[in-house]
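Novice: I would like the atomic coordinates for the input below:
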Amino acid sequence: MADAKNEPNTQLTQPRRLTKRGRIVLIVFLIVMILGAGALYSQGRVIFSLLFGTHLVGGDTGVANVHLPPGFHANIFYAGISAPRFITFSPDGTLFVAERGTESIVALPDPSHTGKATRKTCG
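Specialist: Model prediction:
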């Protein structure tokens, strides 16, 4: 009995080996984690906007399918803005548009108030 106490416990000193099932579970877990990390990375802008309240308008550029109530109509004020982000009007009626990707602000004046911009001025 005294000898059993002095001998090291061989079960604790030997490394545990994974079974075949354990290896498969580990490999599947790693694959899922890698795919999840890739999905999070590719959708980083959307996740950031959802977390911090910046709202991105998604979709492809092109003609929108707009349904307006009777008596209303829509027209194109200016064609040629690649990715509008924010818009605001100045007191004199000039439309300012922030373009995503170019990091520029575009001024679209309509001095005659015809409903169409006369020119595009980048700033």
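
Novice: C-alpha from now on. contacts and neighbour counts both.
Specialist: Fine.

Novice: Just name the shakiest helix or strand of the chain by mean pLDDT.
Specialist: When the helices and strands of the chain are scored by mean pLDDT, DSSP states H and E, helix 2-6 comes last with a mean of 55.

Novice: mind checking which helix or strand residue 48 is in?
Specialist: When secondary structure is defined by DSSP states H and E, residue 48 falls within helix 44-52.

Novice: how about the CA coordinates for that helix, as CSV?
Specialist: Extracted C-alpha coordinates of helix 44-52, given in CSV (Å, rounded to 0.1, in the frame of the first residue of the first chain):
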residue,chain,number,x,y,z
GLY,A,44,-18.8,44.4,-41.6
ARG,A,45,-20.3,47.6,-42.9
VAL,A,46,-23.9,46.4,-42.4
ILE,A,47,-23.1,45.1,-38.9
PHE,A,48,-21.5,48.4,-38.0
SER,A,49,-24.4,50.4,-39.3
LEU,A,50,-26.9,48.2,-37.3
LEU,A,51,-24.8,48.5,-34.1
PHE,A,52,-24.1,52.2,-34.3
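
Novice: Can you name every helix or strand that that helix contacts?
Specialist: For helix 44-52, not one helix or strand is in contact under the criterion 3 or more C-alpha pairs under 8 Å, 6 or more residues apart in numbering; DSSP states H and E.
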